[in-house]
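Colleague: With the input below, show me the fold.
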Amino acid sequence: MVQKYQSPVRVYKYPFELLMRAYEMRFPTCDMIPIIKETEIIEQDLSTDKAVHMVDRRAKLNVEAPYLLKKLMGVEFLLFRQRNTTDLRARTLHIEAWNESFDNRVEINEYCVYSVHPENPDWTCFEQSAELDIKNFFGFEGTAEKLAIKEYSKSIEKSKDIMEHFINLLAEQGVSKIEVWVEPPVNTNTVVETEPEETSDKPKVGDKLRRKSSAKGRDLEQSLTDNQDPASKLEQDYIQMFLGKLEPMQESRLVQLKQCMNELQKGKTPPDPVVLRFLRARDFNVEKGREMLSSSLIWRKKHGVDKILFEYQEPAVIKDYFPGGWHHYDMEGRPVFVLRLGQMDAKGIIRSVGEEGLTKLTLHICEEGLKLTEESAHRLNKPISTWTMLLDLEGLNMRHLWRPGVKALLHIIEICEANYPETLGRVLIIRAPRVFPILWTLVCPLIDETSRGKFLFYAGTDNRGEQFLGPGGLKEYVPEERIPDWLGGPAATGIPEGGLVPKSFYMSPSEFEKDQSPGPHLTDTSCYQSISLNKAQVHEVLVQNTDRGSVITWDFDVMRHDVMFCVFRTKEAFNGLDKPPPTPTLSNIGSFNMGPTAEPEQHSNIGRGWREGEEYYRAEAPIICHDGESIQGSHVTQYVGTYILQWSHFDRGTLSGQSPDMWDNLTHPQHKAKVMFYCEVLNSLDYRGSMTSLQSTHSGFSCISKASGHHSTSGVSSGVSSSLSETGGPPLRSVHQGAAEGDLQS
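Modeller: Numbers count the residues shown, from 1 in each chain. Prediction:
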């Protein structure tokens, strides 16, 4: 693979002539460039008017290479050629260099130009372009390529310091100015001996450079001299001041991508921080960065994202019930977005604005973040291109795993990863409950390794006060005076507290069904099933569990009448039924079908005469669910066998002991209960092994490993599953405090 290097424009604030005097002091050798052992002049030529001077040198390089590689090479030094052509009339220096050693195995070509700054004649610009093509190198092609890039990067980093060193030496010698070359006067009284006209057999001085250079060298020269569009160039000082410190090869890739996008976008190149973010997201691979950025630009144009910052109007439900917003800056000057996810009614917000509305809200937040980071960078005069998120998970429970909400979240993460890469500088996660590993397991695969390394989890034992203000707490990242008051700090955020969204904000079912954003809808039959129950009828879903520790989750809405819901476990697994479904994993979530019983009579699978505590057990105590209620819950299995999720028609009269009204039964046969439900099973490894314990004896933030996406401390939490099982799993509703099967077994 051919490796290319294209430097940003390096600006020296010295006149061209003074810089050239300093440059010549590097020869024949320089203590600051130990890799060059010696140089010799092979050829040189000077024009008649002394304006153009060409010098061709051969240099011996002592490259640091592994001993075995040097033995295979059979040489102690590598030979390189460098031809310099100084044109005092044009005030330029053109440098071409190439390798002589192993030129049939390796091709190295470099082309550099010193020229006068286009806006200031007393400054000098430097640009550099190079190519490396290792065809065959004794089976060590990869090693040789890394070695060459390493040495080349070192020389680039030192070159400016070397030039400054010789400028200072000249100043010590009293040389601070060199006169600009002027045309020699022509004496009209003197007969000037004219030289014979040069023929094609005798090339001009300028042609000697092209005569001996390779085709690749000429291509490098042309690419460097032809590209005179200022919009496609970057200055090195500008990069370091506004984009941050980059390695030489990273600077090169940034310059290449900017030039490429300038050609593709016909001069409408995205801002430099945007180009750099997409390049970082693709590990500084220019072609992959170009593909990603081009796709994002098309997406922005298609969806009118550039206008969303000015045209978006927050719906009333967002203003009142969305517990998130911007809140000052962190210790490094990055904007901080606070989100109290545990207090957010995800289902209520999505039912009110739809997935498309939630996506627009997210895009508006991202666009605001870009604007705030740019403003902060200009205000502080330092590179700031990311923002910080403070994510409070207190209150997070199984209702937040409502399937359309989770899938909407995953869809939004995909959009942000594709179009807003490298915008999150840090995510501070606090007060994470034990249910969080489930959500993290679902979200983690969509977040790249670099982003996962930015997630920091607070492992304190208390939830507010000194734990956040002490060492290792929030004040290490956020100024103490900016810590929110609900975390023990003094600052009021003005952000809504969240809470349940009143159903008066909900969209109608038809409006919700018309929600045109990608992703599932509540009425999607592949996700939810609808059932109707007459009196004395039940509907059951059988789960053949073969994975001890897996988590059965459910979500259902009571559309009509009242129902009773309960979870049972049989002592013996059912035999003779359909093939048990496989334990679902992240790869088949959404297509998994647990197969509800389909008997027309809708009788229970619990046999007549079975005794509770012997043939079957209650895994979750029954709850009464009323018309219009939404229920989400889960159960961590402790046994292998058959679990039964049961919905049954419930009559309020049975609680008071009243007998059914015969006339009511005859005149209102439509009194059926209607339920829309969804169930799935989370693999025990995905649930229990997704993270280690979030609580430890040490307070402070800790990072997630890039390689695995797990917590950086060792050991897997064994308390996540067991502690939930001791209480039968998270409560289905606030009033549900039923006994668990573990209690029944004891």
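
Colleague: all strands in the stretch 101-250 of the chain, in order from the N-terminus.
Modeller: 106-116, 124-134 (DSSP state E, counting those that start in this stretch).

Colleague: now Gly494, nearest residue through space, not along the chain?
Modeller: Counting by Cβ to Cβ, 6 or more residues apart in numbering, Gly325 is the residue found nearest to Gly494 once chain neighbours are left out, at 7.1 Å. C-beta here means a position set from N, CA and C on the backbone, and glycine is covered the same way.

Colleague: Pull up the pairing partners for the helix or strand hosting the one you found, direction included.
Modeller: For Gly325, the host element (DSSP states H and E) is strand 324-329. Strand 324-329 has the following sheet partners, assigned by DSSP bridges: strand 335-339 (antiparallel).

Colleague: Next SSE downstream of the partner strand?
Modeller: helix 346-380.

Colleague: Give the buried residues for that following helix.
Modeller: Buried residues in helix 346-380, defined by neighbour count with 16 or more other Cβ atoms under 10 Å: 346-370, 372-373, 376-377.

Colleague: Off-centre distance for that helix?
Modeller: Remark: helix 346-380 is offset 16 Å from the chain centroid, using Cα atoms, centre = their mean, to the nearest Å.

Colleague: Ok, stretch 251-260 next?
Modeller: That offset, for stretch 251-260, works out to 20 Å (Cα atoms, centre = their mean).

Colleague: quick revisit: from the chain's centre, how far out does the strand holding Gly325 sit?
Modeller: So, by Cα atoms, centre = their mean, the centroid of strand 324-329 is 21 Å from its chain's centroid.

Colleague: residue contacts, the residue nearest to Gly494?
Modeller: Neighbouring residues of Gly325 by Cβ atoms under 8 Å, 6 or more residues apart in numbering: 337-338, 493-495.

Colleague: hmm, 10 Å instead?
Modeller: 336-340, 365, 368, 493-496 (Cβ atoms under 10 Å, 6 or more residues apart in numbering).

Colleague: of all the residues you listed, which two lie farthest apart?
Modeller: Pairwise distances across the contacts of Gly325 peak at 17.9 Å for Arg340 and Glu368 (criterion: Cβ to Cβ).

Colleague: Nearest residue to Ser107 in space, please, no chain neighbours.
Modeller: Small correction: residue 107 is Glu, not Ser. In space, and not counting its chain neighbours, Glu107 is closest to Asp133: 4.4 Å by Cβ to Cβ, 6+ apart.

Colleague: Report how many residues lie close to that neighbour.
Modeller: Neighbourhood size, Asp133 [other Cβ atoms under 10 Å]: 15.

Colleague: do Asn381 as well
Modeller: Number of residues near Asn381 (other Cβ under 10 Å) recorded here: 9.

Colleague: Touching, it and Glu375? I think so.
Modeller: No: if you go by Cβ atoms under 10 Å, Asn381 and Glu375 don't touch, sitting 12.0 Å apart.

Colleague: picking that back up, select from the contacts of Gly325 the one having the most neighbours.
Modeller: Ranked by neighbour count (other Cβ under 10 Å), the contacts of Gly325 have Arg340 at the top, with 25 neighbours.

Colleague: pretty sure Trp486 belongs to a helix, no?
Modeller: Yes: counting by DSSP: H, G, I helix; E, B strand; the rest coil, Trp486 is part of a helix.

Colleague: Worst mean pLDDT across the helices and strands of this protein, which element?
Modeller: Within the chain, confidence by mean pLDDT, DSSP states H and E is lowest for helix 719-725 among all helices and strands, at a mean of 29.

Colleague: List the residues that contact Cys112.
Modeller: 7, 82, 84, 93-97, 126-130, 159, 220-221, 224.

Colleague: what sits against Met32?
Modeller: Counting by Cβ under 10 Å, 6+ apart, Met32 makes contact with 26, 158-159, 161-162, 165-166.

Colleague: Derive a PyMOL selection command for the buried subset of these.
Modeller: Filtering the contacts of Met32 down to the buried ones (16+ other Cβ under 10 Å) takes a single PyMOL command:
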select buried, resi 26+159+162+165+166
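
Colleague: Among the contacts of Met32, which ones are in helices?
Modeller: Those of those mapping onto helices are 158-159, 161-162, 165-166, per DSSP state H.

Colleague: got the residues you listed as TSV, with pLDDT and distance to Pro271 columns?
Modeller: Putting the ones in helices among the contacts of Met32 into TSV (pLDDT from 0 to 100; distance: Cβ to Cβ, whole Å) gives the following:
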residue	pLDDT	distance to Pro271
Lys158	88	31
Ser159	89	28
Asp161	92	30
Ile162	93	33
His165	94	36
Phe166	95	37
